[in-house]
Structure formats: structure tokens, C-alpha cells
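>>> What follows is a predicted structure for the sequence shown.
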Amino acid sequence: MTQDLPSSKYDRQERLSLWDQDIIEDSSILIAGVGGTGSEVAKNLALLGIGSLILVDVDSIEFSNLNRQMLFREEDVGQKKAEIAKKRIEEQYSSSIKIKSYPNTLQNIPQRVFRQSDIIAGCVDNFLARQYLNATAVELNKILIDSATDGYLGQVQYIKPRITACLACDTPPPPNETHVLTAPCTLVGIPREREHCAWKALYEFNTSFGREPVDTSPEDIVELTKIANDFAHEYHFGHFEEKELVQLILFHVPSLITVNAVTSGIQSQEIVKALFLEKKTLMKDAERKTLDRLIEAHRFRIPSFSIYSSLTGTINSFEMIPDPSCLVCSQPITNVSSLLELQVDQNAFLETIINEIRKKNDKEYAGFRGNLFLPNDGIIKDFLSDGDRITLSSLTDDEEIRVQINFQKL
Ligand SMILES: [Zn+2]
């Protein structure tokens with residue numbers, strides 16, 4: 001019986017010129033967010049035979065997810081998406097694939113986990129998480145292939161740090177996010193607009209409770225509104241009603257499985273193409289030559305931005321170059337020789353890191369990991385993992401210092 005079967009279950013795709021299955025099987029993709037698009041991307045990559053997946057999602061499965069997130073069933077409601085996604089992929093699609101799951105926020109994942117991946121797939125649906133992912137990818141010089149959907153529209157963006165535009169570059173924002181684009185730079189400073197008070201409140205809620213507020217929890221909404229109004233009153237921006245805050249920052253965009261499926265299909269395909277491009281020197285001779293020929297004939301490219309409209313059935317793509325004044329990607333890649341390494345006690349306050357540098361340079365600094373502000377009174381191990389890198393920004397001039405944090409052995 002078995003001698004009639006193809007020798008590999010990937011036989012059909014291996015018949016394609018250019019296709020190098022070994023490259024796929026030797027690659028690792030970090031999927032940030034395993035909801036509507038993320039679970040589709042995970043399934044697609046598993047079926048293609050990807051070597052390993054790193055699944056990150058802090059959310060739990062809700063009943064309303066079941067219409068479009070095919071890795072989850074009714075009995076899974078309440079359980080962590082990252083853990084159930086791992087279990088289902090292993091059961092249904094491939095038991096040989098190596099999967100790690102992290103039911104945490106992106107900000108709580110050690111940077112070494114991001115470094116272990118070849119490419120990051122961005123499938124998150126909230127603004128701060130996307131900006132954090134973008135800043136981390138740029139910082140670690142990793143390719144990020146990001147997707148977003150909004151009702152009948154889907155978009156995929158290919159971010160090769162400093163070659164293509166990043167998510168923080170001067171790009172036309174989706175209409176319902178225009179007002180929030182200033183969020184990262186207003187988290188720490190004085191709110192210049194009324195909405196900034198809401199973003200500062202969200203940030204403070206996250207810092208205090210170690211999680212995002214839930215839009216269906218009356219207690220969370222009351223607490224968030226209280227914090228936002230403290231800022232609004234202090235800076236004379238009037239008063240927030242609970243409903244207004246929910247619409248402003250906890251708004252869930254409408255979502256369609258068909259649009260998720262097409263968008264995640266485009267995203268998965270661009271991930272595969274990016275793997276071939278990045279690992280071209282490791283490809284088999286024939287496949288590499290085919291790839292070179294296609295590139296030369298302009299028949300192979302990864303557009304930096306693609307937008308799919310399910311209403312018109314069109315996919316439009318265009319190129320976006322980096323914004324030279326972008327706060328995230330206009331900085332040069334950190335030169336390893338300019339990276340300062342500090343041995344710290346993981347139970348100390350974050351302030352001890354700043355004090356160390358202050359002693360040397362006689363200046364005040366604020367600490368950031370990606371675009372996440374590190375509060376002075378936070379405990380180091382609550383915010384950082386061994387080997388993480390942070391930025392210290394001078395509060396008096398433009399100086400930025402890159403510091404790698406190494407934990408003292410206990
Ligand atoms: Zn940028």
C-alpha cells in the first residue's frame with residue numbers, strides 16, 4: 001500500500017520551482033496574537049511544514065471568537081488562546097512541529113524569545129501592542145510582517161527595519177486610529193490633547209494591574225475612567241464618561257472570517273517569500289538560481305504594503321520607504337561596541353540602572369524597552385529578563401544610551 005504514496009507529505013508544494021522545503025522546515029516564526037488572523041497564519045504555516053512556531057497571546061478564548069478562530073472549540077472558552085492553539089496544531093496539523101506558547105503580553109516576553117525567531121508575524125489588534133512589536137522588531141533588526149483587518153478591509157505590511165517603512169513611519173493611519181497615533185510619545189509627557197489623558201490612563205491601568213482592561217468588565221471601566229479623569233481634571237480637559245472611554249480605547253473593530261482568511265493567506269505567503277529571500281544563500285542551487293532569475297525579471301517582490309478590499313475584490317500594493325524623522329526606525333542599528341552591559345540585582349528597583357548611568361554622566365534619564373516606559377519604582381525582574389536591552393533617554397538633550405541588562409547570579 002504505502003509504496004504508492006509520495007515520499008513526502010509536502011510532495012505537491014515541493015514540485016514547484018523555487019520551493020525549498022528544507023528552508024521552511026529549518027525556520028521559526030513568532031506569531032504575536034493568535035486570534036482571527038493569527039490562528040489562520042499558524043494553521044497555514046503548520047500545513048506548509050514550518051519547523052517551529054512561537055505563539056504569543058495573553059487573551060483567553062471568548063464565545064464570540066468561535067465563529068472565525070478555527071483552532072478553538074466551545075469547551076475551550078475561558079482558556080488561554082496561546083496554549084489551546086499549540087495543542088490543536090499539534091493534534092490536527094503536525095505533531096513534528098516544535099511549538100512554544102506564551103500566554104503573556106508581548107511586553108512580558110523576554111527579548112531572547114524574539115531573537116530566536118527568523119521572522120515575526122504581527123497579528124495583534126490593539127494599537128499599543130502593535131507599536132511595541134514594531135519597536136522591538138526594529139530594535140532587534142528582525143523582519144516583521146504585520147497584518148490588520150477592519151470589517152471588509154485587510155492590510156499586510158512588510159517591515160524590513162530601515163529598508164522599508166515601519167509602523168511608526170509617517171504612514172496614512174486607518175481612519176479610526178488617527179487620534180491615537182500620538183500615543184507612545186504622550187505616555188510619559190504632559191497630555192497635549194484630551195485623548196492623551198485616555199492613553200495615559202490605559203498605560204497606568206496596565207502598569208498597576210499587569211494586564212489590559214476588559215471592555216465587558218464594569219469594574220475595569222470604572223477604574224479606567226477614574227484614572228483618565230484624574231489626568232483630565234489635572235490638565236483641564238473636562239470630564240470623561242465611561243462610554244466615551246470604551247469607544248476611544250477599548251473599541252473592538254468588526255471582523256469577518258473571510259477577510260481574516262484572505263489577509264492571513266497574503267501574510268503567510270509573504271512570510272514564506274521573506275524566508276526564501278533572507279535564507280537565499282542556504283537554498284539548494286537550482287532553487288536559488290530560479291529565485292535570482294525571478295528577482296532579475298521583476299517577477300518576485302515583497303510589497304511593503306498591501307491592502308485587500310473584499311467589497312471590490314482587489315488587492316492593491318505599494319512601496320513605502322522609511323521616514324527619515326521616524327522616532328523608531330531612523331536611529332542607526334545599535335553598534336555592539338556602543339552597547340553598555342550592566343550587571344544588576346534582579347530584585348532591585350529600575351531606578352538603580354538609571355542611577356548607575358547618572359553617576360557617570362551627571363544627567364537624568366528615563367528608561368524605555370521598545371516604546372514602553374520603565375517606571376523608576378518598578379522592580380527590575382517584573383519588567384525585564386536576563387539579557388534584555390533597554391534605552392536610556394536623556395531628559396536634558398538628545399542622548400540615548402543602549403544598555404544590556406545582565407542579572408547577577410543568585
Ligand atoms: Zn519608522
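That came through, no problem.

>>> now the helices: where do they sit in the protein?
11-14, 21-25, 36-48, 81-92, 111-115, 127-140, 183-186, 194-209, 218-234, 242-249, 257-278, 285-296, 351-361, 380-383 (DSSP state H).

>>> near the ion, which residues of this structure?
Within reach of the ion by CB under 5 Å from the ion, the chain has these residues: 166, 168-169, 326, 328-329. No exception for glycine: its C-beta is placed from N, CA and C like everyone else's.

>>> out of those residues, what pair is the most spread apart?
Cys169 and Val328 (7.8 Å; CB to CB).

>>> hmm, back to that, okay, the helices of the chain in TSV with mean pLDDT next?
Formatted as TSV, the helices of the chain follow (pLDDT from 0 to 100):
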stretch	mean pLDDT
helix 11-14	92
helix 21-25	96
helix 36-48	96
helix 81-92	95
helix 111-115	91
helix 127-140	87
helix 183-186	43
helix 194-209	81
helix 218-234	91
helix 242-249	80
helix 257-278	97
helix 285-296	96
helix 351-361	90
helix 380-383	89
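
>>> Now tabulate these in TSV and tack on mean neighbour count.
Listed next are the helices of the chain as TSV, based on neighbours: other CB atoms under 10 Å:
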stretch	mean neighbour count
helix 11-14	13
helix 21-25	18
helix 36-48	25
helix 81-92	20
helix 111-115	16
helix 127-140	23
helix 183-186	20
helix 194-209	20
helix 218-234	17
helix 242-249	17
helix 257-278	20
helix 285-296	14
helix 351-361	15
helix 380-383	17
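
>>> Tabulate these in CSV, adding columns for distance to Asp150.
Formatted as CSV, the helices of the chain follow (distance: least, CB to CB, whole Å):
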stretch, distance to Asp150
helix 11-14, 31
helix 21-25, 30
helix 36-48, 11
helix 81-92, 21
helix 111-115, 26
helix 127-140, 12
helix 183-186, 18
helix 194-209, 19
helix 218-234, 23
helix 242-249, 15
helix 257-278, 9
helix 285-296, 32
helix 351-361, 39
helix 380-383, 32
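
>>> so which of the residues of the chain next to the ion is the most crowded?
Cys166 (28 neighbours; other CB atoms under 10 Å).

>>> Now do the nearest residue to that one once chain neighbours are set aside against Gln21, distance only.
Leaving aside its chain neighbours, Cys166 sits nearest to Cys329 (4.2 Å; criterion: CB to CB, 6 or more residues apart in numbering). Separation of Cys329 from Gln21 (CB to CB, to the nearest Å) stands at 33 Å.

>>> Look at the residue nearest to Ser394 when sequence neighbours are not counted and say how many residues are nearby.
Computed as CB to CB, 6+ apart, the closest residue to Ser394 that is not its neighbour in sequence is Lys363, at 5.2 Å. Using other CB under 10 Å, Lys363 has 15 neighbouring residues.

>>> got the contact list for Lys363?
357, 394-397, 399 (CB atoms under 8 Å, 6 or more residues apart in numbering).

>>> Thr391 too?
367-369, 400-403.

>>> let's see 6 Å
368, 400, 402 (CB atoms under 6 Å, 6 or more residues apart in numbering).

>>> Could you check how far the first one is from the ion?
Which is Phe368. 16 Å (CB to the ion, to the nearest Å).

>>> ok, now Leu282?
29 Å.

>>> And the pLDDT for that residue?
pLDDT recorded at Leu282 is 97.

>>> Tell me, how many residues neighbour it?
13.

>>> Grab the nearest non-local neighbour of it.
Ile23 (6.4 Å).

>>> Was I right to think the one you found contacts Lys279?
Yes. Look at Ile23 against Lys279 with CB atoms under 6 Å: they come within range, at 5.1 Å.

>>> Could you chop the protein up by domain?
What the record gives for the chain is the domain set 2-176+253-318, 180-249, 336-407, from automatic domain parsing.

>>> for Tyr235, phi and psi?
Torsion angles at Tyr235 (phi, psi; degrees, to the nearest 10) stand at phi -100, psi 20.

>>> what residues are up against it?
Contacts of Tyr235 (CB under 6 Å, 6+ apart): Pro191.

>>> Over to Leu374?
Taking CB under 6 Å, 6+ apart as the criterion, Leu374 is in contact with 350, 367, 383.

>>> which one of those is nearest Glu223?
Phe383 (21.5 Å).

>>> ok, now which ones touch that closest one?
Leu374.

>>> Same question for Lys200.
So Lys200 contacts Phe231 (CB under 6 Å, 6+ apart).

>>> Ile249 now?
Ile249 touches 198, 202, counting by CB under 6 Å, 6+ apart.

>>> follow-up on the earlier one: tell me the one among the contacts of Leu374 nearest to the ion.
The closest of these to the ion turns out to be Gly367 (CB to the ion; 21.3 Å).

>>> which residue sits closest to the closest one, ignoring its sequence neighbours?
Leu374 (3.8 Å).

>>> Could you report the separation of that neighbour from Ile249?
From Leu374 to Ile249 the distance is 22 Å (CB to CB).

>>> for Leu342, which residues make a bridge with it?
Beta-bridge partners recorded for Leu342 (DSSP bridges): Ile405.

>>> what's the neighbour count on it?
Neighbours around Leu342, by other CB under 10 Å: 14.

>>> what's the closest non-adjacent residue to Thr263?
Closest to Thr263 by CB to CB, 6+ apart is Gly154, at 3.1 Å.

>>> Beta-bridge partners for the one you found, please?
Thr149, Tyr308.

>>> Hmm, it is touching Ile307, no?
No. In this structure Gly154 lies outside contact range of Ile307 using CB under 6 Å: 7.3 Å.

>>> For these two, indicate the residue with more neighbours.
Under the criterion of other CB under 10 Å, the comparison of Gly154 against Ile307 puts Gly154 first, with 28 against 18.

>>> Pull out the buried positions in stretch 376-396.
378, 380, 383-386, 388-393 (16 or more other CB atoms under 10 Å).

>>> Between the residues you listed, which has the least confident prediction?
Ser393 (80).

>>> any idea how far that one is from Ile315?
On the measure of CB to CB, Ser393 and Ile315 end up 40 Å apart.

>>> Just want the most central residue of the chain.
Leu133 (3.2 Å; CA atoms, centre = their mean).
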